[in-house]
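Novice: Task: produce atomic coordinates for the following.
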Amino acid sequence: MDLSSPDRHSSEPSSKSDAALLDGLKAKQPAALGCLYDRYGSVVYGVALKVLHSQPEAEDLTQEIFLSLWQRPVDPAKQGHLLRYLIVMTRSRAIDKLRSRSRTLNLVQRWGQNVTAAPPAHTPIEQAVFHERSQQVRQALTQLNDRQRQAIELAYDAGLSQSEIAQKLHQPLGSVKSWTRQGLLKLKQLLQDSID
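Specialist: Numbers count the residues shown, from 1 in each chain. Next up, the predicted model:
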């Protein structure tokens, strides 16, 4: 079979059944993945966007879903339900991402409250713990890249929304959301490592 022929490459895979394309995935044929992406990518993206309310995260999740399909193809016997399978998997992973985002935000907010709240008259031990936590957060912030640190500091120290940060930095909103998300995930990991 000549895969370099434009007619064969563009028309034949798109006319194949899901089962045939899934067999192609098992044989590691990129054209099969491309056809499934063309067929179902917009549905997967739509489900991800509806749950996550974030274009960059929905795009990332769409890529993750099809990468997962490439790495672990679905059994062709289930091909009649491939679309349903993709929708359920996308929704499930999107909900997992929301939970993770919420946990990360809560962790950083708890740490932030402990660090930024002006301590009342505490015992020397409580003051030492407060100072140590403050140092840990400041140290963790220095390990972020400039964009991530700036986005997080503007959000938490200056109280700006992500839209306001994007305007202040003259950057796209999607970039600011991405920097904040990546920075929060890295902060979470750094702070958890310092607890362990």
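
Novice: how near is the residue most central in space within the chain to residue 89?
Specialist: What sits nearest the mean C-alpha location of the chain, by CA atoms, centre = their mean, is residue 57, with 4.9 Å. Separation of residue 57 from residue 89 (CB to CB, to the nearest Å): 16 Å. Every residue, glycine included, has its C-beta placed from N, CA and C.

Novice: circling back to that earlier point, so what's the residue nearest to the centre of the chain closest to, chain neighbours aside?
Specialist: Among residues not flanking residue 57 along the chain, residue 97 sits closest, at 6.5 Å (CB to CB, 6 or more residues apart in numbering).

Novice: cool, residue 25 as well?
Specialist: Leaving aside its chain neighbours, residue 25 sits nearest to residue 73 (3.9 Å; criterion: CB to CB, 6+ apart).

Novice: The one you found touches residue 28, doesn't it?
Specialist: No - using CB atoms under 8 Å, residue 73 is not in contact with residue 28, being 9.2 Å away.

Novice: Have a look at the two and say which one is more surrounded.
Specialist: Neighbour count, other CB atoms under 10 Å: between residue 73 and residue 28, residue 73 has more, with 19 against 10.

Novice: quick one, what contacts the more buried one?
Specialist: For residue 73, the contact set (CB atoms under 8 Å, 6 or more residues apart in numbering) comprises 22, 25-26.

Novice: What number of residues are in the vicinity of residue 124?
Specialist: If you count neighbours by other CB under 10 Å, residue 124 ends up with 7.

Novice: Next, find the distance separating it from residue 138.
Specialist: Distance of residue 124 to residue 138, given as CB to CB: 21 Å.

Novice: Just say helix, strand or coil for residue 144.
Specialist: Three-state call for residue 144 (DSSP: H, G, I helix; E, B strand; the rest coil): coil.

Novice: Give me the pLDDT for it.
Specialist: Here, the pLDDT recorded for residue 144 equals 83.

Novice: Which residue is the nearest non-sequential neighbour of it?
Specialist: Leaving aside its chain neighbours, residue 144 sits nearest to residue 183 (5.0 Å; criterion: CB to CB, 6+ apart).
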